[in-house]
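Engineer: With the sequence up front, the predicted model follows.
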Amino acid sequence: MRHINRIIVTGVFGLLISVPSHAQCQQSQDAAVNCFVKNAVSTGLLVLPSGMTMSQYKSYGVAVSRVLQTPSAAIFLLGMAGATADAVPPTNADGTANQPAQDAFVNAMITAGLKNSIIALPSETSAAQLELFARELTWNMTGNAGVTISPGGFLRALDGYILAATSSSGTVDWLKVTASITSLVNALYTTGLMKLPAGVNVSNVQQFALDTANAIAVYKQATGKAHL
């Protein structure tokens, strides 16, 4: 399902938010997106993903347009995708490919974000569609060959807590990890370095960070890596 035309999809759906379509597609914003997807596939601009029907692809297009119109969701996905592409690549410790490991990590981040109210599900968007969009953003960022700035520091900091709490036998003391994360989040909040939006409290962020740490541990186990 990884195609270069995904980049085109993201950009054009963003334009559809403000650019009017032809007459038969002007009944609503959703109708405009549906028209674009249908015409793009029929003309070869886009390729219908394997296992997805045209109806499902249209629905996904609408979901993407909704995400792009929801700043909190779009910023979260872009930041998460950038950090993942940097710190959690789709490779094993020996350098062989392991895309499922990265995909599972991305899915876990979306689940944790929704569960802990870090991100809200935009209208007309399912969790599965949000996960797919997040994976596609990560795929494109992972494959970028240009100059990049490492945004995975937060993930590596959490991995540092895991490493510090790991015994010589490889057992992780999750109570110790939890205490470290709680201390970090509290310090960031009390010093004013972390601002919380309405509806999100410190405990939400603490649990999200712990869920992220668990996802990191799962990723390392899947890839055989000792650290990020």
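Structural biologist: Thanks, I have it.
Engineer: okay, CA-based contacts and neighbour counts for the rest of this
Structural biologist: Will do.
Engineer: show me what contacts residue 100?
Structural biologist: Each residue near residue 100 by CA atoms under 8 Å, 6 or more residues apart in numbering is listed here: residue 90.
Engineer: Tell me which helix or strand comes right after the strand or helix carrying it.
Structural biologist: For residue 100, the host element (DSSP states H and E) is helix 99-115. Using DSSP H and E, the helix or strand that follows helix 99-115 towards the C-terminus is helix 127-142.
Engineer: If we go by neighbour counts, what in that next one is buried?
Structural biologist: Across helix 127-142, burial judged by 16 or more other CA atoms under 10 Å covers 129-142.
Engineer: Tell me where the model's unsure across this protein.
Structural biologist: Scanning the chain for pLDDT under 70 picks out 1-24, 26, 144-149.
Engineer: if you count residues, which helix in it comes out on top?
Structural biologist: Ranked by residue count and defined by DSSP state H, the top helix of the chain is helix 202-223.
Engineer: can you pull the buried residues of that helix?
Structural biologist: Those would be 202, 204-220, 222-223, for helix 202-223 by 16+ other CA under 10 Å.
Engineer: how near is the residue nearest to residue 207 when sequence neighbours are not counted to residue 190?
Structural biologist: Leaving out its chain neighbours, the residue that sits closest to residue 207 by CA to CA, 6 or more residues apart in numbering is residue 116, at 6.9 Å. In this structure, residue 116 and residue 190 are 20 Å apart, going by CA to CA, to the nearest Å.
Engineer: higher neighbour count, those two?
Structural biologist: More crowded of residue 116 and residue 190, by other CA atoms under 10 Å: residue 116, with 20 against 10.
Engineer: The more buried one reaches residue 206, doesn't it?
Structural biologist: No. Using CA atoms under 8 Å, residue 116 is not in contact with residue 206, being 9.1 Å away.
Engineer: Please list all residues in contact with residue 203.
Structural biologist: With contact set as CA under 8 Å, 6+ apart, residue 203 has no partners.
Engineer: do the same with residue 52
Structural biologist: Taking CA under 8 Å, 6+ apart as the definition, residue 52 has no contacts.
Engineer: Just give the number of residues close to residue 186.
Structural biologist: For residue 186, using other CA under 10 Å, the count is 17.
Engineer: Quick check: it is in a helix.
Structural biologist: Yes. If the criterion is DSSP: H, G, I helix; E, B strand; the rest coil, then residue 186 is within a helix.
Engineer: so residue 82 is in which element?
Structural biologist: Taking DSSP H and E as the criterion, residue 82 maps to helix 71-87.
Engineer: what's that helix packed up against?
Structural biologist: Packing partners of helix 71-87 (3 or more CA pairs under 8 Å, 6 or more residues apart in numbering; DSSP states H and E): helix 54-68, helix 99-115, helix 127-142, helix 153-164.
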